[in-house]
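Trainee: test case, fold it:
(chains A, B and C)
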Amino acid sequence: MTVTFILNGEDVSARFRSGERLVDVLREDFGLLSPKADCRNGSCGKCLVLMDGKLVPSCQVPAFRARGKEIITFEGYSQTEEHADIRAALAVTGLETCGFCEAGVNLAIASLLEIKPRPDRAGMLEHLSAVRCSCHDPETLLETVLAADEVRARRLYHRGRQ
Amino acid sequence: MVASEVHYPKSLAEVLELQRLHPSLLLFAGGTDIQRGRGGRYIDLPPVVALLEGVPELHLITRTERFLELGSTLTLGSLLELKKGILPEALVAAIGGVATPAIRNLATLGGNLAARGRFMDLWGVLACLDTLVELRDPAGPRWVGLNRLCDDEGRPAFPAGSLLTRARLPVEAWNSWLLRSLADPEEQGSGKAVFTLLARVEKGLVSAFRLALAGRRLLRFPAIEARLVGTRLPLARKEIRELKEDYRRAASELAPLAADRLASLVELALEGYSR
Amino acid sequence: MPEADRKVPGPGSPPGKPEAPRSAGETGGEEVPALSDLHLEAMVHVAQVRAPSPRGRFLGIGEFRLPRGYVLVRAEDLPEGASLPGLGSPFPILARDRFTWKGQALALLAGPDPNLVAELAATLPLECEEEEAFCEPEDLPPGTALAKRSLLRGDPARAFAEAASIVEDLWISEPIDRNYSEPQGALAYFDYDRLVIRAATQWPSHLRDSVAAALDCRASEVIVRPTRLGHHLDGKLWYPSLLACHAALAAKACKAPARLLFTREEDFLFGPKALRSRIALKAALDSGGRLSALEADLVLDMGAHGPLAEDALVEACTAALGAYECPNLRLEARVVATDTPPASSFSGLCASQAFLALEALGSRLAEGGGIDPLEWKSRNFLSAASTWLSGERLREAPPLGAMAERLAVSSDFRRKHADYELVRKRRADRRDGPLRGIGASFAFHAPGIAASEAVSETCTVEAVLGKDLRLSLRAWGVAPQGRASAVWREEAARILGIEPEMIDILQPEADTPLPPGPDARARGLVLTSKLAARACTAIQRRRFRETLPLGAKASGKVERSLVWTAEGPRGNPFETASWVGAVVEVEFDPFSLVFRPTGLWLCVDAGRILSPSRARQALRASAHESLEACLSEALRMGNGARDPETFFSFRKSGDLDPPPLSIDLVEDARPGLPRSIGELPHHALPGAFLAAASQALGRPLTTFPLSFEGRGEDWGDE
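Mentor: Numbers count the residues shown, from 1 in each chain, chains lettered A, B, ... in the order given. Predicted coordinates for the structure are as follows:
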């Protein structure tokens, strides 16, 4: 079957078998390797993408469900100004990931920063639990979110003044 | 792998027509339960699938003074985004305990209630809230109490071929609640069960009481719950022990493996009122 | 309806592959790809044809037809007796006529469609004769052992006879599922006359030698190019070598690139896990409360063929005796090989299991005598005047006493422990308050422990400072990634006075000699940091006298701190050890039967700390992981195999709410090298957790992990 959707800002169409998962279509049809097809049961968070602005595990999304949706992978998100805030925060906290969960970590932070009002500490940790990887600890991840929030606030403030 | 025909209905009428044409139609909402336990490269789909997320009637939220209606394809994530106070706190807690935030952006209310293998996370609390669900099948729509959707052995009995369209919760205040996820005592650790207690306590007097353990089976005993109505808190130790034994006896007829655990949970919960 | 042909992206698809963003922390050097991201043209996929039961004879494969383009590789295609080298006992690459664990590879199937390959591999008509299997250590004939160590010092029997008090128990550790970053796998392809292997491996030289054995070729004809290792948890030591052999055999048979990549489910079912252990300890206190005797009986089950049995054993023995002063000791330790999937080392080989038992015993000894455990342990640590059980005098005291004091202050251990003891003793029933406990544990990580006198190979690091003042660093056979490479950069930047961004960590060149394996598991940091520093220092000395570019090489061998052969130990493991103390506070939730950690304190003495922030991050990540392990479900085996039904429901940690974590890094003003710290929380936390949980429940707990539900155990409610 063939399905059209928006992928990282571009209109695309993909042909695949009906039971294929979005993660495999993204990796194999479009060469977007940031989402990793690891656990294939939605728990590890290494395949996270944004679907219509919501963080979802792409291994649990049948590709047919992408029809008409806007899908953003880490490759697309990393080109944005918003991601620059997260990169700056990562440099501040020094959070290092194993590389396999990088997309998940960045998109989980990205989606958390969009939630207003900001959840409390427990709520933020809960949101960040979308990525379960033993290479980093939740506290450092939380510190990165708070740092990114600050960076973003400063950026927007300065932009507002210009 | 068989190629499946995938439909994107835009109305409830379209869904019902598809069901009529294809008796083995798979109604795909979030799909998280369909894919549970199937980690292979391809998702195993039947010949005909209908994706429900484009059906607006299944996505509505209606609130009146007396009840709250939630569409079955509302995702659990979207339910958590509702303004505080709209959903009962116990339900919010139950939703928050489901999987991960990313999965909750896919999983739906209807999918959680219509699962056939076991009672999922929201079942217990919604049953205790006396939730009604609207089911539609070729015979037409009907409202059914959630507590009726289990068989005599306490197992899920969601009618095959039915579409769950919405859930209706009475708007009632429950000022005391307890919710805990734990390993299902019937499955030695591999499944999850949710223990729910809801109570309305006014000036030390219990005016309403519900208690359920939902996992592989639903263990809920309204007759025992009724005994607590009208009692004064804190409960005496003797009363707690009696209630504990009542629950143990009632549960052992349905689920001997879970009886002791349920009894222990009841005692713990009721002791909480004693403190 | 016919299936759509395999994908052709339609109009509007982004052309080509977008640039992959750099990993956080990577500031220069080559991007190391993940194995799962590598796809070569005409690549075939490989699946293992697996043994259906734990033990038996493999008679052959019945009648079958393979589609065109699909190939079967059997043990007969290997040289006679081909096995993985260097693991201590023969480890067959493919089972020829006998198999000894369920899931062991009997043959390989390769072809272009991964789904069809998996389906064919699972449905081939195997002809096997099942035999009685030995799936538990207790099933084995008495005295069976792959490796043994024993030790006798003083007169334990007399000391026990004269003891004021005796405590003994059996501690059991079961394996859990540890998710390293990527499932196991390997990719092999021919590049002219040489075979290139790409795999995530901690032991590239072993992988090369294994593939050479499988293909009956020279080691120089095999090039190993590591892929991204990620967070390996020490689970990628020898197992990738086995899969590399399989990929290589398939590549040879198919004359095409071949990749074998486990799914996560396959990794759960068939991949290596931590070993199982049964550790019986008996200790005696004299009338002054001092440890007067210790008897230790260790049985370590490393699964079929018991890979690296000797190495695991000596690490466990060293840990089981700890850093306590004890004049009378008896140790009997053995490794057994049951008919279960072979184990791998995982975060601490099996030192963590041994520390768990010893520290839990110490806490019980103290509490039995009404003494604060921190106090008791401090009084009984080795001192500067002590002699270690090898007979060697310690040059300096282990720093544990001072660390215990720091922990006591930071965690308020003494007051809390006394409070919880009082509540525990006075509690009539559950109504008397929440169940809480606090426990302390001490451990060390001692690199350079060896089970034999075999000389280790030389490691080499090369540094080149270019005219543009960019420095390139390359270690032969090691691809330092993540934190290790970051530490290299910082140290090199400090020595040369350049920015870390000007330093590139390069992949080792393809055809160069490779350094050795498991005795240098911290080789990414400890040994190679030393060599990198030496090479940079050599350049700095010449820098303003000679023109750029300048290059220097530094070579060295792994230093053996302790060699423990069958004749006994020689050396002192504490010379290059790093030290840890941990305090864990828990509360028990009687509803969910889960222990919730409410506080965690670590004190670490690891020599010179190059980057405190990195060190803290590494410790935090390890501590979190270790806590998750404590709360995880145990992997249940049935008939020698893991239950496929449990993969999707396997509970790793429940909902671990990270407790407040305090990390105290002991400043070490002495010049010296950084020492490994990542494993320290794994060594210390379980013992502290177990002690805290025992106090909370008011009874000794002796199994790890601490999951009640799975065992349906009564937690002491009635």
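
Trainee: pretty sure residue B:141 is in contact with residue B:164, am I right?
Mentor: No: using CB atoms under 8 Å, residue B:141 is not in contact with residue B:164, being 10.8 Å away. (C-beta placed from N, C-alpha, C; glycine too.)

Trainee: low-confidence ranges, the chain, go.
Mentor: No chain specified, so I'll use chain A. In the predicted model, chain A carries no residue with pLDDT under 70.

Trainee: nope, chain C
Mentor: Using pLDDT under 70, chain C drops low at C:1-30, C:345-349, C:428-433, C:455-457, C:476-484, C:507-526, C:648-656, C:669-674, C:707-718.

Trainee: okay, domains of it per the record?
Mentor: For chain C, automatic domain parsing gives the domain ranges C:358-449+C:568-711, C:458-559.

Trainee: next, the distance between the ends of the shortest one.
Mentor: With CA to CA, to the nearest Å applied, domain C:458-559 spans 11 Å between its terminal residues.

Trainee: with stretch C:162-180 instead?
Mentor: This stretch, stretch C:162-180, spans 49 Å end to end (CA to CA).

Trainee: is any residue of it near chain B?
Mentor: No: Stretch C:162-180 is not in contact with chain B by CB under 8 Å from any CB of the partner chain; minimum separation 12.6 Å.

Trainee: checking residue C:353 next. Helix, strand or coil?
Mentor: helix (DSSP: H, G, I helix; E, B strand; the rest coil).

Trainee: correct me if wrong: it contacts residue C:281.
Mentor: No: in this structure, residue C:353 is not within contact of residue C:281 by CB under 8 Å, at 11.8 Å.

Trainee: joint contacts of those two?
Mentor: Counting by CB atoms under 8 Å, 6 or more residues apart in numbering or on different chains, the common neighbours of residue C:353 and residue C:281 are residue C:171.

Trainee: count of neighbours near the spatially closest residue to residue C:474 that is not a sequence neighbour?
Mentor: Spatial nearest neighbour of residue C:474, chain neighbours left out: residue C:506 (4.5 Å); criterion: CB to CB, 6 or more residues apart in numbering or on different chains. Residue C:506 is flanked by 15 other residues according to other CB atoms under 10 Å in any protein chain shown.

Trainee: one more: residue C:64?
Mentor: Residue C:64, neighbours per other CB under 10 Å, totals 10.

Trainee: OK, contacts around it?
Mentor: C:124, C:125 are the contacts of residue C:64 under CB under 8 Å, 6+ apart.

Trainee: and the residue nearest to residue C:474, how far from chain A?
Mentor: 17 Å (CB to the nearest CB, to the nearest Å).

Trainee: go on, residue C:38?
Mentor: Taking CB to the nearest CB, one finds residue C:38 at 10 Å from chain A.

Trainee: give me the sheet partners of the strand or helix carrying residue C:73 and which way each runs.
Mentor: Using DSSP states H and E, residue C:73 sits in strand C:71-74. Applying DSSP bridges, strand C:71-74 is found paired with strand C:105-111 (antiparallel).

Trainee: and the strand it pairs with, how far out from the chain middle?
Mentor: In terms of CA atoms, centre = their mean, to the nearest Å, the centre of strand C:105-111 is found 28 Å from the chain centre.

Trainee: residues making contact with that strand?
Mentor: C:44-51, C:58, C:61, C:66-67, C:69-75, C:93-95, C:99, C:117, C:120-121, C:124, C:126, C:242, C:246, C:249-250, C:253-254, C:258, C:260.

Trainee: and with 6 Å instead?
Mentor: C:44, C:46-49, C:51, C:58, C:69-74, C:94-95, C:117, C:120-121, C:246, C:250, C:254, C:258 (CB atoms under 6 Å, 6 or more residues apart in numbering or on different chains).

Trainee: select only the buried ones of the residues you listed in ChimeraX?
Mentor: To isolate the buried members of those in ChimeraX, using 16 or more other CB atoms under 10 Å in any protein chain shown:
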select /C:44,46,47,48,49,51,58,70,71,72,73,74,94,95,117,120,121,246,250,254,258
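
Trainee: what's the helix or strand of chain B with the lowest mean pLDDT packed up against?
Mentor: Scoring the helices and strands of chain B by mean pLDDT, DSSP states H and E places helix B:256-274 at the bottom, with a mean of 88. Here helix B:256-274 touches helix B:237-254, going by 3 or more CB pairs under 6 Å, 6 or more residues apart in numbering or on different chains; DSSP states H and E.

Trainee: got the angle between the helix it packs on and helix B:256-274?
Mentor: Angle of helix B:237-254 versus helix B:256-274, following axes from the mean of the first three to the mean of the last three CA atoms, to 10 degrees, is 160 degrees.

Trainee: which parts of helix B:237-254 are buried?
Mentor: In helix B:237-254, counting by 16+ other CB under 10 Å, buried: B:239, B:240, B:243, B:244, B:246, B:247, B:248, B:250, B:251, B:254.

Trainee: that helix near chain C anywhere?
Mentor: No: applying CB under 6 Å from any CB of the partner chain, one finds helix B:237-254 out of contact with chain C, separated by at least 8.5 Å.

Trainee: contacts for that helix, please.
Mentor: Against helix B:237-254 from outside (CB under 6 Å, 6+ apart): B:154, B:219, B:221, B:224, B:258, B:259, B:262, B:263, B:266, B:267, B:270.

Trainee: next one: stretch A:107-126
Mentor: Contacts of stretch A:107-126 (CB under 6 Å, 6+ apart): A:48, A:55, A:74, A:86, A:127, A:128, A:130, A:131, A:138, A:142, A:145.

Trainee: again, only using 8 Å
Mentor: The contact list for stretch A:107-126 (CB under 8 Å, 6+ apart) reads A:45, A:48-50, A:53-55, A:72, A:74, A:77, A:82-83, A:85-86, A:89, A:127-128, A:130-131, A:138, A:141-142, A:144-145, A:148-149, A:152, B:96, B:101-102, C:657-658.

Trainee: distance from it to the middle of the chain?
Mentor: That offset, for stretch A:107-126, works out to 13 Å (CA atoms, centre = their mean).

Trainee: buried residues in it?
Mentor: By neighbour count on 16+ other CB under 10 Å, the buried set for stretch A:107-126 is A:107, A:108, A:109, A:110, A:111, A:112, A:113, A:124, A:125, A:126.

Trainee: same check on stretch C:590-610?
Mentor: In stretch C:590-610, counting by 16+ other CB under 10 Å, buried: C:590-607, C:609-610.

Trainee: tell me the residues of chain A that contact chain B?
Mentor: Residues of chain A found near chain B (CB under 8 Å from any CB) are A:1, A:17-21, A:24, A:39-43, A:45, A:48, A:51, A:54-57, A:60-62, A:64-65, A:67, A:108, A:126-127, A:129-130, A:132.

Trainee: any idea how far apart the tips of stretch C:251-258 sit?
Mentor: Its start and end residues considered, stretch C:251-258 measures 5 Å (CA to CA).

Trainee: figure out how far it is from the centre of its chain.
Mentor: 32 Å.

Trainee: again with stretch C:101-108
Mentor: 24 Å.

Trainee: distance between the ends of it?
Mentor: Stretch C:101-108: ends 16 Å apart by CA to CA.
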